[in-house]
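Participant: Show me how the following folds:
(one chain, ligands or ions: 1)
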Amino acid sequence: MKLTPCTGNSGYSFNNAPRCGAKTRSGLPCNAPAIRNRMRCRMHGGKGSGAPKGSKNAIKHGLYTAESIKLRLEVTEILTSSKRLMKSLVK
Ligand SMILES: [Zn+2]
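Facilitator: A predicted model of the protein is given here:
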């Protein structure tokens with residue numbers, strides 16, 4: 001077997017790994033190497049368990065939080081009033 005950085009020193013050999021026991025469409029077990037510390041292979045639910053819980057993915061940049069919307073409105077109001085003031089001073 002060719003040694004790669006993935007297989008060389010990791011201490012985990014796919015040849016000796018436990019085999020996936022998921023039943024395939026042919027009725028036989030899958031027999032692909034199971035994911036580390038799991039009983040199934042990467043194709044049969046061995047990796048991950050779906051999306052992370054909670055809504056931590058909902059907040060990415062904070063552009064639409066109530067706080068930032070309020071800040072933008074205040075800045076717009078200040079700019080508008082200062083433009084109005086400048087116009088009245090020029091005339
Ligand atoms: Zn499998």
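
Participant: what about Ile69, distance to Ser55?
Facilitator: Taking C-beta to C-beta, to the nearest Å as the measure, Ile69 falls 18 Å from Ser55. Quick note: C-beta positions are derived from backbone N, CA and C, even for glycine.

Participant: Can you tell me which residues in this protein are near the ion?
Facilitator: 20, 22, 30, 32, 41, 44 (C-beta under 5 Å from the ion).

Participant: ok, and for stretch 33-48, which residues are buried?
Facilitator: Neighbour-count burial for stretch 33-48 flags 33-35, 40-41, 44, 46 (criterion: 16 or more other C-beta atoms under 10 Å).

Participant: okay, now the domains of the protein?
Facilitator: By the assignment in automatic domain parsing, the chain contains the domains 7-45, 63-91.

Participant: Could I get the average pLDDT for the first one?
Facilitator: For domain 7-45, mean pLDDT rounds to 83.

Participant: Just say which of the domains of the chain is most tucked in.
Facilitator: domain 7-45 (a mean of 13; mean count of other C-beta atoms under 10 Å).

Participant: from the middle of its chain, how far away would that domain be?
Facilitator: The chain centroid and the centroid of domain 7-45 are separated by 25 Å, computed with C-alpha atoms, centre = their mean, to the nearest Å.
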